[in-house]
Each structure stands twice: as structure tokens, then as C-alpha cells.
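Asker: I'd like to go over a predicted model; first the sequence, then the structure.
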Amino acid sequence: MSTHIGAEAGQIAERVLLPGDPLRAKWIAETYLKDSYCYSTVRNMLGFTGTYEGVAVSVQGSGMGMPSASIYAHELINDYGVKALIRVGSCGAIRDELKLRDVVAAIGSSTDSNMNRVRFDGLIDYAPVADFGLLRTAVDVAAEKGIEMRVGPILAADAFYTDRPDLYDRLADYGVLAVEMESAALYTIAARFGARALTLLTVSDHIKTGERTTAQEREQTFSQMVEVALKTIIS
Ligand SMILES: O=P(O)(O)O[C@H]1O[C@H](CO)[C@@H](O)[C@H]1O
Ligand SMILES: O=c1cc[nH]c(=O)[nH]1
């Protein structure tokens, strides 16, 4: 096992979905994967492997925020040989035209995190971006399924609760669709270690209107996003 994942060698597939919520991982495995089994309960950050349309796929909870998600992305790639990772998360919309439950594909991820400033000695503003092949496939899959998916930039924030909502308004002016808390780290770590990564999100909250889904809905009902992610990751 690795430091934070309790799987034996060979128990994790090369293709992994990464929800922040470990109970969303359980729901995905039980709802969509055939012959799935739980390979890790370390810290209750559940991970499962099964098959989807005959292809081995794992689903690993990654927790909330970039420090947590970085640990899982790093160990999945470096200790278990994972090659493709699709985050399946929730997000808060910051542009007016987005509605609750809309599906978003994150082409690039701005961040207020200091992680990449440390990586590049504060000299470069590294631009974390999605793997183009995964993104293109996800766009095709969504179109085939008749799912309207917005593709655009997002913000990966360190804090869920912000004292600076004015910055969200400014980002929205620059085309940023939504806010979540992991994508910049996922894209950076995948690039660093030669894996492919994409972030798909469902709008769980609208930051402008105050509308929000319940915890149960965030855990068990984001099926359009999950179906796009599964079909993309096996393609
Ligand atoms: O629903 P998940 O995937 O956890 O994603 C979002 O939800 C959490 C905050 O509620 C953060 O992890 C954020 O990125
Ligand atoms: O508002 C939100 C909703 C989900 N995730 C976030 O990070 N922010």
C-alpha cells in the first residue's frame, strides 16, 4: 500500500475517477461499476475498482482542497501507475448564465493557492490545463448523450468560504465559470508525472443567487457528469 491508500499492487485500474466526496465514490461504484470491490478504507477515503463496459475503472475519493487531492493524485500516479484521472466534483457557479446541475468541463484552472508559486520559486505563473484528448472525448461523449456541457475556465480556491466575493465577480468578467477546490493541483501533478487529467463538475451551488443542492444530492445525483466521465475514461 502507499502512505494514504490501502490497495495492493494491481488493485487500482489505470483509469480513475476522482470525486472529492468518498461517499460519492461509493455511490458511483455501486451504481455504475460491475463486480466492484473496495480496495481502501484508509481515513475513510474510500476507493473502489470494478469494470465499466468491460474496462477496468477505479473510483477514489480525494477529499476537499488541494493538499488532500494532491496526495491522492500523487500516490495514484506514482505508486499505482494510474495513467488517466477524471475529477467528478461539485462547484459553485459564478457566471449568471449557469444553472444548478449544469455540467462543466474545466479547460484550465486559475488558483489562489500558493502551491505552484512554491514549485516555480514565485517566478512563473504556471497555467494548469486539462488534457486535450480527454477534454475532446468528453465533449464528443456529452454531445452523443445530448448533455449540454459548458467548457471553460474555472477557479480552484483554497477556501470554500471567501472574504473576497468581489474577486469572484472579477473572475466572472474574465470568463471564469465556476469555483471548486482541487483542479489546479490535479492538472499540475498529472502534467508533472506524465498522466492525463480532466475535471468535470456539476453546479451544486449558485454563488450569485444563493441556490444550492443538498448534501444527499451532491453525493448521489450527479449522474450526467458521471456518465460522461465514465464513457470518456474508457475511450
Ligand atoms: O464535491 P467535491 O468533489 O468535494 O468538490 C467541491 O466540494 C467541496 C466543497 O464543498 C470541495 O472539495 C469542492 O471542490
Ligand atoms: O460554492 C462551491 C460549491 C462547491 N464547491 C466549491 O468549492 N464551492
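Answerer: Received, thanks. Ligands and ions are numbered 1, 2, ... in the order given.

Asker: Tell me which other helices or strands the helix or strand where residue 108 lies touches.
Answerer: Using DSSP states H and E, residue 108 falls within strand 103-111. Packed against strand 103-111 by the contact rule (3 or more CB pairs under 8 Å, 6 or more residues apart in numbering; DSSP states H and E) you find helix 132-145, strand 149-156, helix 183-192, strand 196-206, helix 223-233. In this view, the C-beta of every residue, glycine as well, is placed from N, C-alpha and C.

Asker: Need the contact partners of whichever helix or strand comes after that strand.
Answerer: Counting by DSSP H and E, the next helix or strand C-terminal to strand 103-111 is helix 115-119. Helix 115-119 is contacted from outside by 66, 70, 125, 126, 128, 184, 185, 188, using CB atoms under 8 Å, 6 or more residues apart in numbering.

Asker: Got a quick PyMOL command for the buried subset of those?
Answerer: Command for PyMOL that selects the buried part of the contacts of helix 115-119, burial taken from 16 or more other CB atoms under 10 Å:
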select buried, resi 66+70+128+184+185+188
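
Asker: Name the nearest of the contacts of helix 115-119 relative to residue 7.
Answerer: Lowest distance from residue 7 to those (CB to CB) belongs to residue 70, with 18.2 Å.

Asker: Poorly predicted segments of the chain, please.
Answerer: Within the chain, no range satisfies pLDDT under 70.

Asker: Tell me the secondary structure of the residue in it that ligand 1 sits nearest to, please.
Answerer: For the chain and ligand 1, the shortest gap (CB to the nearest ligand atom) falls at residue 20, measuring 2.1 Å. Three-state assignment for residue 20 (DSSP: H, G, I helix; E, B strand; the rest coil): coil.

Asker: How much space separates it from residue 52?
Answerer: Distance of residue 20 to residue 52, computed by CB to CB, to the nearest Å: 20 Å.

Asker: Repeat that for residue 26.
Answerer: Applying CB to CB to residue 26 and residue 52 gives a distance of 15 Å.

Asker: Also residue 72?
Answerer: Applying CB to CB, the value for residue 72 to residue 52 is 20 Å.

Asker: What residues does the residue lying closest to residue 198 once chain neighbours are set aside make contact with?
Answerer: Nearest non-adjacent residue to residue 198, counting by CB to CB, 6 or more residues apart in numbering: residue 134, 4.0 Å away. Residue 134 sits next to 84, 86, 196, 197, 198, 232, 233 when contact means CB under 8 Å, 6+ apart.

Asker: same deal with residue 210?
Answerer: By CB under 8 Å, 6+ apart, residue 210 has no neighbours at all.

Asker: cool, residue 12 as well?
Answerer: 5, 39, 47, 49, 58, 60, 76, 80, 81, 82.
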